[in-house]
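Participant: coords below, sequence missing:
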């Protein structure tokens, strides 16, 4: 999802959280991302309620769900070109989202990125629901099981090379996303591009 279907700017998210908490962006980033705390939510080690409560404790502010969602929303801008491609693809193949995130993202996807649900329906999965995270090969396999899909017939797309490697290890075809044009070229190579 992030940096494929939407442009994700963590800096905007962190700045908003810092403003709420009366803190600095550096302190917020250190408390959540540098510390590894975010991975506890992404991997489902913490359920959504514990993750949210701990998030507030770590930044020294009683963060509400609405504030957490708003911070995340501010960091996301739809990549219209990629969403158009997804809209075209869904006419001929099944499409889904697998994002490293807490379940809060899927629960509030209509607020965070309203363009997604009309394209993907209920097929928007967060790593947390599988109790693991990309690039662990189990994450992809569990998602494929949920989709009733086979790895050898699945193309995975991600902006992080480590996640692409994890998908390949799980037996999927995988594309390292760096540009819309590069993605179109990959789709053409797989025989998926319909002009």
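Facilitator: Yes, it's here. On a predicted model such as this, the values are computed, not experimentally measured, just so you know.

Participant: can you list the residues that contact stretch 125-136?
Facilitator: Here stretch 125-136 makes contact (Cβ atoms under 8 Å, 6 or more residues apart in numbering) with 39, 41-45, 48, 96-103, 105-106, 138-140, 142-143, 146, 158, 160, 162-163, 165-167, 169. Yep, even glycine has a C-beta here, placed from its N, CA and C like the rest.

Participant: Buried residues in that stretch, which are they?
Facilitator: Neighbour counts over stretch 125-136 (16 or more other Cβ atoms under 10 Å) mark 125, 126, 127, 128, 129, 130, 132, 133, 134, 135, 136 as buried.

Participant: now swap in stretch 2-17 and tell me
Facilitator: Across stretch 2-17, burial judged by 16+ other Cβ under 10 Å covers 2, 4, 5, 6, 8, 12, 13, 14, 15, 16, 17.

Participant: Roughly how far does the fifth one sit from residue 173?
Facilitator: It stands for residue 8. Distance, residue 8 to residue 173, using Cβ to Cβ, to the nearest Å: 24 Å.

Participant: Quick one: buried ones out of the contacts of stretch 125-136?
Facilitator: For the contacts of stretch 125-136, buried by 16+ other Cβ under 10 Å: 41-44, 48, 96-103, 105-106, 139-140, 142-143, 158, 160, 163, 165-167.

Participant: Which stretches in this protein count as helices?
Facilitator: Remark: helices assigned in the chain by DSSP state H are 10-21, 25-29, 37-42, 48-59, 65-74, 80-89, 103-107, 109-112, 116-120, 137-147, 161-169, 180-189.

Participant: Where does pLDDT dip in this structure?
Facilitator: For the chain, the stretches with pLDDT under 70 are 194-195.

Participant: Give me the domain ranges for it.
Facilitator: Under the assignment automatic domain parsing, the domains of the chain span 6-74, 78-189.

Participant: what residues are up against residue 104?
Facilitator: 41, 48, 51, 52, 65, 68, 69, 72.

Participant: and the residues you listed as CSV, adding distance to residue 184?
Facilitator: Listed next are these as CSV, based on distance: Cβ to Cβ, whole Å:
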residue, distance to residue 184
41, 33
48, 36
51, 36
52, 38
65, 38
68, 35
69, 32
72, 29
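
Participant: Closest one to residue 113 out of the residues you listed, please.
Facilitator: Ranked by distance to residue 113 (Cβ to Cβ), these are led by residue 72 at 9.5 Å.

Participant: burial count for that closest one?
Facilitator: Neighbourhood size, residue 72 [other Cβ atoms under 10 Å]: 23.
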